[in-house]
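Colleague: got a predicted structure plus its sequence, pasted below:
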Amino acid sequence: MTAVAYTTLSTGTVAVLTVQNAPVNALSQAVRQGLVDSVARAAADPQVRRVVIAGRGATFPAGADIREFGSAAAGAPPNLVDVCAAIEACPKPVAAAIHGTALGGGLEVALSCHYRVAASSAKVGLPEVELGILPGAGGTQRLPRLVPVAAALDIILSGAPVAAKKAAALGIVDKLVEGKSAPVEEAAALLAGVSAGALDARRLSLRAPTATGDAALAAIEERRAKLPPPQRGADARHEICDVVAAAVDGRPFDAGMAAERRGIGRLMASPQSAALRHFFFAQRNVSKLAELAPGAASAKEGRAIAAAVKTVGVIGAGLMGSGIATCFLRAGYAVILLETTAPALERGVGVIRAETAKQVKRGKMSAAHAERQGALLTPTLAMADLARADMVVEAAFESMEVKLSIFGKLDAVCAPHALLCTNTSALDVDAIAAATRRPHMVMGMHFFSPANVMRLVENVRGAKTAPRVVAAVTLLSQRIGKVAVLVGNCAGFVGNRMLGPYSHEAQQLLVGDGVPPQTVDAALTTTLGLAMGPFAVGDLAGLEIGIAPRRASGAFDPRAHFVDLLNEQGRIGQKSGAGYYRYDRAVGGGRLPLPDPQLGALLRAHRARNGICAPHAPRAEGGGGVAPPGAVELVERCLLPMVNEGLRCLDEGVARAPDDIDVVYVFGYGFPAWRGGPMHWAETQLGWPYVLRRMREVAASRADLGDAFARRWTPSPLLVAAAESGASLAETLARRRRQAGAGAGGAQSRL
């Protein structure tokens, strides 16, 4: 099958060029060549008077072919600039018949057409900024010649898709057609009265921008002023402002195109774009599971199981349970929400209804849809009602005793085909599964709070979880809009296990080293780009989280652990007005973290009680009065133990690949996507030899701090192997896993 099919309508007077490159008609080299050849053929045919460009199947060309990224094919002629120029220069009127999505290069192709007709369900957009680049085939130059400069800039800067109706209101689309299929006939009809002599007015490269001069440039600078600095992840957005300015500052179209080429060339070489492109592919790689591979029996069985799930039980109507229930309700599943007391159940239902009402108020959901969604919810106090659930997600209190009791009851109540999932964030999924007679049907689903907002779910495979169950739970996670990452079973899984060394090192910096919380937080926000540092996050979440299990285990000790002392003092964060910081309702509504002099007194007493002389604490607080480390060192102190723990997860087979860890940390913990994730950051910005050297230096410099500190700073075997081999982490990991399969080195995978 050719990449672009050439057919005719209306007794040969309309040439229809249909892109055929499943699944999304990506603009591969073959498609690009096919478009150029087909346009030339139509131009040369004396019988053809009109040309329509469309896409076969589900969509108009949706953008570049990601399979070509980094390959020779990506730059093989003709490039997309040449394709768009050939379409625009066609001496016969050309219309784009848009359905599905026209994104990136797809929209640039449509902009090079003289007219655009779109199905009302279609979406258009220029999402290149999400990859740290800018539209490279004239999008930055043609769009400001079609729509107001401010609107064009917003579309390019946001990267968000624009609904066809809004696109029509802006002038991007000339005609809307009801339906979902390609509006080929309507596009041909629109061109019926167009003469070749009128085309120059429709060629965007020949049009003047919608606004020029000082007013247009001022609008761009006003928008730029609202962006973060380039070094804070906004490099591409600032470059976009520069290139769009080239479209409106009086330069001719060709000069603007040259500016666009220079801009995209610079961005392609930037670390931010490299990180964003890495993360783009990492998101796709996490879904490539062996259990879902084409032809795998588990894939077929998993799809059947997922398709059969109509009713989902959620146990627990607290913040997490109500959020999980909302996720399934939004996706159209019937939900049975179980609680142990009527007041708790009423609160949970109220939270769900309030969230739905918020969606209606914001225009994201119609009142009729909200009513239908509400009818899918069944609140109950009776465990027996879960007998009709096809899947149950337990979101009860984080206690092994509680969860064992629940799963024992579920085993007796639920149908044999029901999937049984636990939302535990750290507990042993195998132990929970062992409370049932069907451990093969049990899996962890670690949602992140708030569950109805956060995109990540860590799906935890137990030792006895069946492959078909892994496949089914993965598919169901995707159907409720989650990014699902498969991880192995261990304490804390991947995300929280890695968070442990990060949090403990932050505590060491505060209590043992004497670095103020605001100094640590500032280093991680300003230098690394996190939205919040560890102490501000702790105050936001509430320092009482995790205390109950520590009390139950006997580990709670206000004399030895500073966080326990804060809890004993009632300082649990924002909700109490004080934690690591103080909060004043008159300042920032009680949400702005302010330095608290009382914290110094608590630290002084705690250090004196435990014989700690913190080198960087003021002498008045019992410290050495030495200036604290610089921001870069503070970032390394917090992140290197976390990265090292991630390497242990990989070596033990708890994590499948570095990509999985990066996705977990960007979507679950707010690691900046423009850094690519912690593993990409460590490998590309630091390098494994540097990481190994710093780990050993810090361990040697503070050898007096005990076993816990020593373990955090002991390099993992995988780190040593990567640093000493000079190979990439992926290559080093693959070699160690081959060795493990041969019985030498590395651990057996838990996945």
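Modeller: Ah, there it is. This structure is a prediction, so every number in the text was calculated from the model and none was measured. Residues are numbered from 1 along each chain as shown.
Colleague: what about residue 531, is that helix, strand or coil?
Modeller: Following DSSP: H, G, I helix; E, B strand; the rest coil, the label given to residue 531 is coil.
Colleague: give the burial count for the closest residue to it other than its chain neighbours, as a bare number.
Modeller: Sequence neighbours aside, residue 670 is the residue nearest to residue 531 in space, at 5.0 Å (criterion: C-beta to C-beta, 6 or more residues apart in numbering). In short, each C-beta sits where N, CA and C put it, glycine included. The number of residues packed around residue 670, counting by other C-beta atoms under 10 Å, is 14.
Colleague: which ones are touching residue 670?
Modeller: 530-532 (C-beta atoms under 8 Å, 6 or more residues apart in numbering).
Colleague: same check on residue 596?
Modeller: Residue 596 is in contact with 578, 580-582, counting by C-beta under 8 Å, 6+ apart.
Colleague: by neighbour count, which of the contacts of residue 670 wins?
Modeller: Scoring those on neighbours with other C-beta under 10 Å, the highest-scoring entry is residue 530 at 22 neighbours.
Colleague: please name the nearest non-neighbouring residue to that residue.
Modeller: Using C-beta to C-beta, 6+ apart, the closest residue to residue 530 is residue 524 (4.7 Å).
Colleague: for residue 122, state which of the contacts of residue 670 is nearest.
Modeller: Using C-beta to C-beta, residue 531 comes nearest to residue 122 of the contacts of residue 670, at 34.0 Å.
Colleague: need the phi and psi values for residue 488.
Modeller: As for residue 488, its main-chain torsions (degrees, to the nearest 10) stand at phi -90, psi 170.
Colleague: now do residue 98
Modeller: Residue 98 adopts backbone torsions of phi -100, psi 130, taken as degrees, to the nearest 10.
Colleague: list the contacts of it.
Modeller: Applying C-beta under 8 Å, 6+ apart to residue 98 gives the contacts 60, 110, 116-119, 122, 124, 164, 173, 182-183.
Colleague: in TSV, list these along with pLDDT and neighbour count.
Modeller: As requested, the contacts of residue 98 are exported to TSV (pLDDT from 0 to 100; neighbours: other C-beta atoms under 10 Å):
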residue	pLDDT	neighbour count
60	96	31
110	98	27
116	98	29
117	97	31
118	97	31
119	96	22
122	96	29
124	97	27
164	95	24
173	97	26
182	90	29
183	95	27
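Colleague: same list, those, but as JSON lines with secondary structure please.
Modeller: As requested, those are exported to JSON lines (three-state DSSP):
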{"residue": "60", "secondary structure": "coil"}
{"residue": "110", "secondary structure": "helix"}
{"residue": "116", "secondary structure": "strand"}
{"residue": "117", "secondary structure": "strand"}
{"residue": "118", "secondary structure": "strand"}
{"residue": "119", "secondary structure": "strand"}
{"residue": "122", "secondary structure": "coil"}
{"residue": "124", "secondary structure": "strand"}
{"residue": "164", "secondary structure": "helix"}
{"residue": "173", "secondary structure": "coil"}
{"residue": "182", "secondary structure": "coil"}
{"residue": "183", "secondary structure": "coil"}
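Colleague: if we can go back for a sec, how about the contacts of residue 596 in a markdown table, adding neighbour count?
Modeller: Shown next, in a markdown table, are these (neighbours: other C-beta atoms under 10 Å):
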| residue | neighbour count |
| --- | --- |
| 578 | 22 |
| 580 | 28 |
| 581 | 22 |
| 582 | 19 |
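Colleague: before we move on, back to that, save the contacts of residue 670 as JSON lines, and put in distance to residue 383 and pLDDT too.
Modeller: As requested, the contacts of residue 670 are exported to JSON lines (distance: C-beta to C-beta, whole Å; pLDDT from 0 to 100):
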{"residue": "530", "distance to residue 383": "42", "pLDDT": "94"}
{"residue": "531", "distance to residue 383": "40", "pLDDT": "92"}
{"residue": "532", "distance to residue 383": "39", "pLDDT": "95"}
